[in-house]
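Novice: Whatever this is, show me its structure:
(one chain, ligands or ions: 1)
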Amino acid sequence: MKYEVVIGLEIHAELSTQSKVFCGCSTAFGAEPNTNVCPVCLGMPGALPVLNKKAVEYIVRAGLALNCEIANYSKMDRKNYFYPDLPKAYQISQFDLPFCKGGYLNIQADGKEHTVGITRIHLEEDAGKLVHTPGGTLVDYNRSSMPLIEIVSEPDMRSAKQAVEYAKAIRNILLFAKVSNCKMQEGALRFDANVSVRPFGSKSYGTRTEIKNLSSFKMLQKAIDYEYQRQVSMIEKGEKIRQQTLRWNESSNRIIALRSKEDAHDYRYFPDPDLLPVILSDAFIEDVRSKMPQMPEEKKKMYIEQFQLSEYDAEVLTANSELCAFYEEVLQDYNEPKIAANWVNVELMALLNQSDMLVEELPFAACDMAQLLQNIQSGKISGKMGKGVLADMFETGKSPEEIISAKGLSQISDTAELEKIADEVLANNPASVADYRAGKEKAIGFLVGQVMKATKGAANPQSVNEILRTKLNE
Ligand SMILES: [Zn+2]
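Specialist: This is a model prediction of the structure:
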């Protein structure tokens, strides 16, 4: 029998507020352990939490960006469990009245567009961090009470690829909305995957397991693929899938069972008596909406309508917030949107893909790229030379001016010299000359090519074309 995988994701994103969600401690990453702490985030008895208004604004912004309904009435609840990284023995989260509900996100995967439903987005605090050392396990409470949003999807994904594309799209939206830096290496974006399998065509869901704390797209993909295989082989052996919480072990590429999966009632949720319900007026929500940064869909439309970019170019640029920001920065010094889009999407992307690098890891700035394009525009170097210069910039991080002068690159714009070479080419290729004069337009292409070859690509093809035509028509 053939089985289909059913996936829902819970995505935790750390909000990029300056201070924590219920106290004034700094959210800066990388501080000395247990220095960004106070009685509130250490869970001291009697310390009182105060909700960070910026965190509320950010979750509303995330909700609007993901097409959610924003609740006018919301509250914070206590989720009770014991763990050494949770000093209060409860986490402040939201149970039945989250800030955002009922959204969706359209993604491109497996060659089609899919709509993934978003059940809810709620606000909660992060726990501290256990640090395992040879001498024992230590706890760092700097992360305790960091503001998190949890974005819960519907079980709408049917392949690991779709789940990864959805996770990437969420990251992109959060970056465009400027609510989280989404730095995965710092744990600012983490995924829990709910995975079940069922025979193709079945309408009911199989028993699901939850793989916790996946911290990269690669891990997400591998863990889902592994879990799918594991569940299918269990079913085929006639075994029953148990509802479990699992952990992906990156070093052994295997899944480890953590515990049997808990239900909501295991946590004894109840409203936090230290925090008042949150009432959001329509005016507040509208204010957040009016200050929303431009989202990818809107930008895409603008690129197509105002910049005359192709649908494809607009899609590639807006699917990656860092690439998009880089492109717009290039435009600040080089206002030719179509040419810039072509260089960013084709030449720059090829270099990035070859070396498996991200835009934010580029060794040069957007203004350097703009300078390179200006040099091509002015005719100082040819487009072909430009590609070489870009590759050098990529390798060395040097500015285009430095590379152009160090390599003695510049186009031959000395007409006398080009005319001399053109004369030689015409003398050496009588057949092509005769063809052209007999009306074969195409013969000019060959002759231009010969001049380009003789100049090692240093001539401006357009000038060469003009010089040859003048001579042939004499
Ligand atoms: Zn604190």
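
Novice: Can you tell me what sits against the helix or strand of the chain with the lowest mean pLDDT?
Specialist: Sorting the helices and strands of the chain by mean pLDDT, DSSP states H and E puts strand 254-260 at the bottom, at a mean of 82. Residues outside strand 254-260 that contact it (C-beta atoms under 8 Å, 6 or more residues apart in numbering): 211-212, 223, 226-227, 230, 242-249. For glycine as for every other residue, the C-beta is placed from the backbone atoms N, C-alpha and C.

Novice: What residues of that strand count as buried?
Specialist: Neighbour counts over strand 254-260 (16 or more other C-beta atoms under 10 Å) mark residue 255 as buried.

Novice: ok, that strand: who's next to it in the sheet?
Specialist: With DSSP bridges as the test, strand 254-260 is paired with strand 244-249 (antiparallel).

Novice: how about the residues of the chain near the ion?
Specialist: In this structure, the chain approaches the ion at residues 23, 25, 38, 40-41, judged by C-beta under 5 Å from the ion.

Novice: how does it look with 8 Å?
Specialist: Applying C-beta under 8 Å from the ion, one finds that the chain approaches the ion through 20, 22-25, 36-42, 144-145.

Novice: Weed out the non-buried ones from those.
Specialist: Listed as buried from the residues of the chain next to the ion are 20, 22-23, 25, 36-38, 40-42, 144-145; burial here means 16+ other C-beta under 10 Å.

Novice: On the three-state scheme, the residue nearest the centre of the chain is what?
Specialist: Central residue of the chain (C-alpha atoms, centre = their mean): residue 172, 4.4 Å from the mean position. Using DSSP: H, G, I helix; E, B strand; the rest coil, the structure places residue 172 in helix.

Novice: For the stretch 51-200 of the chain, just list every one of the strands.
Specialist: For the stretch 51-200 of the chain, strands defined by DSSP state E, counting those that start in this stretch occupy the ranges 69-70, 73-74, 77-80, 90-93, 100-109, 112-125, 129-133, 136-140, 147-153, 189-199.

Novice: which strands and helices sit next to the fifth one?
Specialist: Right, the one you point to is strand 100-109. Secondary-structure packing of strand 100-109 (3 or more C-beta pairs under 8 Å, 6 or more residues apart in numbering; DSSP states H and E): helix 53-65, strand 69-70, strand 112-125, helix 160-176.

Novice: Just want the residue of the stretch 251-400 of the chain that's nearest the ion.
Specialist: Going by C-beta to the ion, the ion is nearest to residue 274 of the stretch 251-400 of the chain, at 14.3 Å.

Novice: So that residue lies in a helix, does it not?
Specialist: No - counting by three-state DSSP, residue 274 is located in no helix; its state is coil.

Novice: what about it, neighbour count?
Specialist: Per other C-beta atoms under 10 Å, the neighbour tally for residue 274 reads 14.

Novice: There's contact between it and residue 46 in this structure, I believe.
Specialist: No - contact criterion C-beta atoms under 8 Å: residue 274 and residue 46 do not qualify, at 10.0 Å.

Novice: Residues in contact with both of the two, list them for me.
Specialist: Joint contacts of residue 274 and residue 46 (C-beta under 8 Å, 6+ apart) do not exist.

Novice: if we can go back for a sec, relative to residue 107, how far out is the residue nearest to the centre of the chain?
Specialist: Separation of residue 172 from residue 107 (C-beta to C-beta, to the nearest Å): 10 Å.

Novice: For the stretch 101-250 of the chain, which residue gets nearest to the ion?
Specialist: Taking C-beta to the ion, the ion has its nearest neighbour within the stretch 101-250 of the chain at residue 145, 5.8 Å off.

Novice: Identify the residues contacting that residue.
Specialist: Taking C-beta under 8 Å, 6+ apart as the contact definition, residue 145 lies against 20-23, 25, 40-41, 49, 125-126.

Novice: and if we set it to 6 Å?
Specialist: Counting by C-beta atoms under 6 Å, 6 or more residues apart in numbering, residue 145 makes contact with 20-22, 41, 125.

Novice: Now render those as a markdown table, adding pLDDT and secondary structure.
Specialist: A markdown table is the format used below for those (pLDDT from 0 to 100; DSSP: H, G, I helix; E, B strand; the rest coil):
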| residue | pLDDT | secondary structure |
| --- | --- | --- |
| 20 | 98 | coil |
| 21 | 98 | coil |
| 22 | 98 | coil |
| 41 | 96 | coil |
| 125 | 98 | strand |
